[in-house]
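>>> when you get a sec, could you give me coordinates for this:
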Amino acid sequence: MASKGAQLKALINAPEIVITPGVFDGFSARLIEKAGFKTATISGAGTSESRLGWADRGILGFEENLNNARRLADCTDLLLQADADTGYGNALNVYFVVRGFEKAGMAAIMIEDQVWPKRCGHMAGKAVIPAEEMVQKIKAAVDARQDSGFVIKARTDAATPLGLEEAIRRLNMYAEAGADCLFADALATREDIMKVAKSVPKPLSVNMGLGIRSRKTTPLIAPRDLQDMGVAQISYPRLLTSAALKGMQNALAVFKQQVVERNQVVDRPDLAASFDEINDLTGMAFLDDLERRYNGG
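Numbering: from 1, shown residues only. Next comes the predicted model:
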């Protein structure tokens, strides 16, 4: 059987666009797999926000990110794509970061050319390192992988601070350095996306910001329309994180009003998954089977 990386590379290079939801914990990873998706992007922002309670401003470190990725790989067969931010240092650091995520069971790793500490791609105040420095990071990433199928995704955030032409120039440099997939974040218009897709030699990935309505820098475009524009992969990194937060806000508001303030016993199944649903999602049947098998049941 082909490696995870090789399977993902085949998907990305196929004619049909790859739809990649963002995941950040066991619930989200299992939900995406159950829904029939083949691959998912581990959201660095979602991991930082949900695990640490801090915004995507470089607070999340390498070990915390790697450990979360390893746990997700342990509970799902999804082809997971890791978000390694800037690679946590220079090209030397990137070499070992790639080794770590590949051993953790990832199919791909994304490295961006922002300065550290990085910012979410839709935040103001982004800055990027010299393109030549990022080229060395990509070369180190390519050299570090042990499976040639493991996907190296190179991201540029240059479009906002330096302009579209510089973003295209950088992506072509990163492709020449060996990146398998390219990602230009925060493109401002449909025309910008089309131009980038036509100007780079490797498959292009873009983000769609469902769930960040108040900070939308890239227009929301349907998947097949993006496919027609030349995009190979589309990620929805914040859909489930924002939905999970909204669900908790809604349930907590009802709990506080009805139970705490009014002293009423209220059960709202429309606001919460049932015990059986949670057990079904999180592998209870498999655990029961193991118990019967090894306990002689």
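
>>> CA only for contacts and neighbour counts going forward, please
Noted.

>>> OK, contacts around residue 16?
Shown in contact with residue 16 (CA atoms under 8 Å, 6 or more residues apart in numbering): 227, 232.

>>> at 10 Å instead, please
Contacts for residue 16 were tallied using CA atoms under 10 Å, 6 or more residues apart in numbering; they are 223-224, 227-228, 231-233.

>>> other SSEs contacting the longest helix anywhere in the chain?
Counting by DSSP state H, the longest helix found in the chain is helix 239-254. For helix 239-254, the elements it packs on are strand 18-23, helix 26-34, helix 44-47, judged by 3 or more CA pairs under 10 Å, 6 or more residues apart in numbering; DSSP states H and E.

>>> can you report phi and psi for the residue nearest the centre of the chain?
Residue closest to the average C-alpha location in the chain (CA atoms, centre = their mean): residue 41, at 2.9 Å. Dihedral pair for residue 41: phi -100, psi 130, per degrees, to the nearest 10.

>>> same check, this time on residue 115
Backbone torsions of residue 115, given as degrees, to the nearest 10, read phi -70, psi 160.

>>> same question, residue 102
Note on residue 102: backbone dihedrals following degrees, to the nearest 10 are phi -60, psi -40.

>>> quick one: pLDDT of residue 268?
On pLDDT, residue 268 comes in at 92.

>>> what's the answer for residue 181, then?
98.

>>> hmm, back to that, show me which of the contacts of residue 16 are buried.
Neighbour counting by 16 or more other CA atoms under 10 Å classes 223, 227, 231-233 among these as buried.

>>> got any ranges where the chain has weak pLDDT?
Applying pLDDT under 70 to the chain flags residues 211-216, 297.

>>> that one: helices as residue ranges?
For the chain, helices defined by DSSP H occupy the ranges 4-13, 26-34, 44-47, 62-75, 91-103, 131-144, 159-162, 164-176, 190-199, 223-228, 239-254, 275-281, 284-294.

>>> pull out the buried residues from the fifth one.
Within helix 91-103, the residues scored as buried using 16+ other CA under 10 Å are 91, 94-98, 100-102.

>>> distance to residue 218 for those residues - can I get that in a markdown table?
Shown next, in a markdown table, are those (distance: CA to CA, whole Å):
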| residue | distance to residue 218 |
| --- | --- |
| 91 | 30 |
| 94 | 28 |
| 95 | 31 |
| 96 | 33 |
| 97 | 29 |
| 98 | 29 |
| 100 | 32 |
| 101 | 29 |
| 102 | 30 |
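
>>> that older thread, just name the most buried of the helices of the chain.
Comparing those by mean neighbour count (mean count of other CA atoms under 10 Å), helix 44-47 comes out on top with a mean of 24.

>>> for the residue nearest to residue 144 when sequence neighbours are not counted, what are its contacts?
Using CA to CA, 6 or more residues apart in numbering and skipping the chain neighbours, the partner closest in space to residue 144 is residue 95 (5.1 Å). Counting by CA under 10 Å, 6+ apart, residue 95 touches 87, 89, 137-145.

>>> quick check: phi and psi on residue 158?
Backbone torsions for residue 158, taken as degrees, to the nearest 10, come to phi -80, psi -20.

>>> so it touches residue 125, yeah?
No. Residue 158 is not in contact with residue 125 according to CA atoms under 10 Å; the separation is 11.6 Å.

>>> tell me which of the two has more neighbours.
Between residue 158 and residue 125, counting by other CA atoms under 10 Å, residue 158 is the more crowded of the two (28 against 11).

>>> quick revisit: determine which two of the contacts of residue 95 are furthest apart.
Distances among the contacts of residue 95 were taken as CA to CA; the most separated pair is 89 and 145, at 17.4 Å.
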